[in-house]
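J.: this one's sequence-less:
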């Protein structure tokens, strides 16, 4: 009986050690590409384009994954609060767009080692408002159900506060659709 207990304990500890190893392996994140030269040598202002499209109710607007990542890299920056500030540094958010799914990968540098957390989101319209729902994610390569992403809730709340003007401009559209490598936004009335 004692042997069986020790064997089960060894298997359980091995599983926990394996899960910790998988969770600490960061996922690959595509590097930021420089913006192509635009008219007047100014980078594309995504938020201004959203606001103009909402006012004019013009044709559908597409925002590429690269433009979205460049915008987020330019808008989001900030130190990590103490006591973690001396160990960890926030690098960026990388967005991957798949049909009906936006995958946000948050990247940190922890003592020279890259660490990642991925959150999968869906966006759907419900009458006059939009609902963004967390459907899953991962810590490093360890995929977890959405309930285990609960410790990220305060960080996601702070992120949404930092991006509030951008989110408000985005949800002025009448239709927001996540497609492969792009956001398709339609400001026209349905």
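T.: Structure's in. What do you need? Remember, predicted model here, so these are calculated numbers, not experimental data.

J.: which regions of this structure lie under the pLDDT threshold?
T.: The model of the chain has pLDDT under 70 over residues 35-43, 78-82, 84-85, 190.

J.: hmm, who's touching the longest helix along it?
T.: Identified as the longest helix of the chain according to DSSP state H is helix 2-24. Helix 2-24 is contacted from outside by 115, 139, 140, 141, 142, using CB atoms under 8 Å, 6 or more residues apart in numbering. (Glycine included, C-beta is placed from N, CA and C.)

J.: in that helix, which residues are buried?
T.: 23, 24 (16 or more other CB atoms under 10 Å).

J.: which SSE is immediately downstream of that helix?
T.: Once helix 2-24 ends, the next helix or strand along the chain (criterion: DSSP states H and E) is helix 46-56.

J.: what is the burial count for residue 50?
T.: 22 (other CB atoms under 10 Å).

J.: give the contact list for it.
T.: Counted by CB under 8 Å, 6+ apart, residue 50 has contacts 61, 166, 169, 170, 172, 173, 185.

J.: distance of it from residue 179?
T.: Separation of residue 50 from residue 179 (CB to CB, to the nearest Å): 17 Å.

J.: tell me the strands beside the lengthiest strand in the chain, with direction?
T.: Scanning the chain for the longest strand, with DSSP state E as the assignment, gives strand 113-126. Sheet pairing for strand 113-126, assigned by DSSP bridges, gives strand 101-110 (antiparallel), strand 129-139 (antiparallel).

J.: now the first one, how far from the centre of its chain.
T.: Centroid separation for strand 101-110 versus its chain: 5 Å, with CA atoms, centre = their mean, to the nearest Å.

J.: for the last one, same thing?
T.: Here the centre of mass of C-alpha atoms in strand 129-139, compared against the chain's by CA atoms, centre = their mean, lies 10 Å away.

J.: who's in contact with the helix or strand just after it?
T.: Sequence order places strand 142-144 as the next helix or strand after strand 129-139, per DSSP H and E. Strand 142-144 has contacts (CB under 8 Å, 6+ apart) with 19, 22, 23, 136, 137, 138.
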